[in-house]
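**Student:** structure for the following, please:
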Amino acid sequence: MTDLTTFINLLRPHDRRRAALPSELARPELSRVARAMAGRPAAEVALALEEAVRAAGAVPDARAVAELAAEVERGRDPFRDGA
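**Tutor:** Now for the predicted structure:
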């Protein structure tokens, strides 16, 4: 994590309702996918991201998945770098 991301996360108080959101539940797995698939084709990354979102009990948003997959294809982990 970047220093700024770490700082922001420390300032944000823990919220049980937020922690139970599918987006928060999926975040660690999405970050793992991003690190594991950095530099791979966006189409491949998108499939893995969609699977992670579904595993968290949510329905993937095609536009958001495409944007995130493009970031991962460029070698960036948007779940850590820009949290």
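**Student:** chain neighbours aside, what residue packs nearest to A38?
**Tutor:** G75 (4.6 Å; CB to CB, 6 or more residues apart in numbering). C-beta: built from backbone N, CA, C; applies to glycine.
**Student:** please disregard the earlier target; I meant A66.
**Tutor:** Excluding the flanking residues, the one nearest A66 by CB to CB, 6+ apart is A46, at 6.3 Å.
**Student:** next, give phi and psi for that neighbour.
**Tutor:** Dihedral pair for A46: phi -60, psi -40, per degrees, to the nearest 10.
**Student:** distance of it from V33?
**Tutor:** With the distance defined as CB to CB, to the nearest Å, A46 ends up 10 Å from V33.
**Student:** tell me which of the two has more neighbours.
**Tutor:** Taking neighbours as other CB atoms under 10 Å, A46 and V33 compare with V33 leading, 24 against 21.
**Student:** what pLDDT does the model give that one?
**Tutor:** Looking at V33, its pLDDT stands at 94.
**Student:** that one contacts E50, correct?
**Tutor:** No - in this structure, V33 is not within contact of E50 by CB atoms under 8 Å, at 9.9 Å.
**Student:** now do the contacts for S23.
**Tutor:** Applying CB atoms under 8 Å, 6 or more residues apart in numbering to S23 gives the contacts A56, A58.
**Student:** repeat for the one 3 residues further on
**Tutor:** Residues counted as contacts of A26 (CB under 8 Å, 6+ apart) are A52, V53, A55, A56, A58.
**Student:** what ranges of this structure fall below the confidence cut-off?
**Tutor:** For the chain, applying pLDDT under 70 flags the ranges 1-13, 81-83.
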